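Colleague: Test case, fold it:
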Amino acid sequence: MGLFFPSVLLICSTFLTECMLQRVYLTGFMTSGKSTIGPILANVLGWNFYDLDSVIENRFQMSVVEIFEKHGEDYFRGIETEELNKLSVLNDVIISLGGGTLSSVRNLEIIKNSGLSVYLKINPETIYKRLKNKIDRPLIRDLVLNERPKDEFLERISNILEQREQYYNTAEIILETDNIKIGKTVDRLANKIRRLIDENP
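Modeller: Numbering: from 1, shown residues only. A predicted model of the protein is given here:
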């Protein structure tokens with residue numbers, strides 16, 4: 001069953017064009033390219049770039065993994081919403097979201113009421129290849145440290161992706177990025193955003 005957020009849809013239907021031209025949010029699963037594509041896209045547009053996870057890490061002088069381990073996921077999600085709310089009032093910015101940011105209804109409301117969201121979509125096999133040796137991702141860290149087999153990784157990834165994709169699919173723009181060069185993805189996004197700006201001076 002699809003998601004339905006009446007307040008989000010009502011508010012955004014009245015001024016989506018205005019808000020989408022000021023802020024672009026990049027969403028997607030871990031390693032989908034948000035933090036890589038974001039700063040390049042911002043540079044092309046002459047905008048500023050913010051990585052939500054990095055903003056949180058700078059605030060606490062701790063990594064996301066450390067925050068998860070010390071305070072738990074619920075605490076992290078609360079801080080994530082606080083920092084997202086601060087970023088949502090800035091103009092001409094590209095904001096890279098954490099992989100689970102959109103899973104919160106409050107976060108989704110903030111994003112829908114303040115900007116345009118872009119889902120960078122990749123398949124589980126690609127995700128596995130990019131994550132299999134990383135220990136800085138709390139939700140799969142145990143699999144890496146315990147050297148679990150590929151099928152366990154894919155099952156974990158698929159389960160998380162299944163839970164989150166309903167939120168990812170609320171994005172105004174969905175781009176499949178498997179086997180597509182970063183430069184091409186950036187060009188496609190920059191062209192879409194510029195076209196919106198030109199159409200709505």
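Colleague: beta partners of Thr27?
Modeller: Tyr119 (DSSP bridges).
Colleague: Please verify my assumption that it contacts Glu165.
Modeller: No: if you go by C-beta atoms under 8 Å, Thr27 and Glu165 don't touch, sitting 10.7 Å apart. For glycine as for every other residue, the C-beta is placed from the backbone atoms N, C-alpha and C.
Colleague: higher neighbour count, those two?
Modeller: Remark: of Thr27 and Glu165, Thr27 carries more neighbours, 28 against 15, as counted by other C-beta atoms under 10 Å.
Colleague: Could I get the phi/psi values of the closest residue to Asp51 other than its chain neighbours?
Modeller: Excluding its sequence neighbours, the residue lying closest to Asp51 (C-beta to C-beta, 6 or more residues apart in numbering) is Ser96, at 4.5 Å. Taking degrees, to the nearest 10, you get phi -90, psi 120 for the backbone angles of Ser96.
Colleague: beta partners for Ser96?
Modeller: Under the criterion used (DSSP bridges), Ser96 bridges to Leu26, Asp51.
Colleague: And it, how far from Glu155?
Modeller: 27 Å (C-beta to C-beta, to the nearest Å).
Colleague: and Leu154, what element?
Modeller: With elements taken from DSSP states H and E, the one containing Leu154 is helix 150-168.
Colleague: Flag every buried residue along the helix or strand just after that helix.
Modeller: Scanning forward in sequence from helix 150-168 by DSSP H and E, the next helix or strand is strand 173-176. Residues of strand 173-176 classed as buried by neighbour count (16 or more other C-beta atoms under 10 Å): Ile173, Leu175.
Colleague: So in that sheet, which strands flank strand 173-176, and in what orientation?
Modeller: Counting by DSSP bridges, the strands paired with strand 173-176 are strand 116-121 (parallel).
Colleague: Where does the prediction get shaky in this protein?
Modeller: For the chain, the stretches with pLDDT under 70 are 1-20, 200-201.
Colleague: can you count the residues close to Arg59?
Modeller: 12.
Colleague: ok now do it, which residues does it touch?
Modeller: By C-beta atoms under 8 Å, 6 or more residues apart in numbering, the residues touching Arg59 are Ile79, Glu83.
Colleague: got the contact list for the most centrally placed residue in the chain?
Modeller: For the chain, the residue nearest the mean C-alpha position is Thr27 (2.4 Å; C-alpha atoms, centre = their mean). Neighbour list for Thr27: Lys34, Leu97, Thr101, Leu102, Ser117, Val118, Tyr119, Leu120, Tyr167, Tyr168, Ala171 [criterion: C-beta under 8 Å, 6+ apart].
Colleague: and with 7 Å instead?
Modeller: Neighbouring residues of Thr27 by C-beta atoms under 7 Å, 6 or more residues apart in numbering: Leu97, Thr101, Leu102, Ser117, Val118, Tyr119, Tyr168, Ala171.
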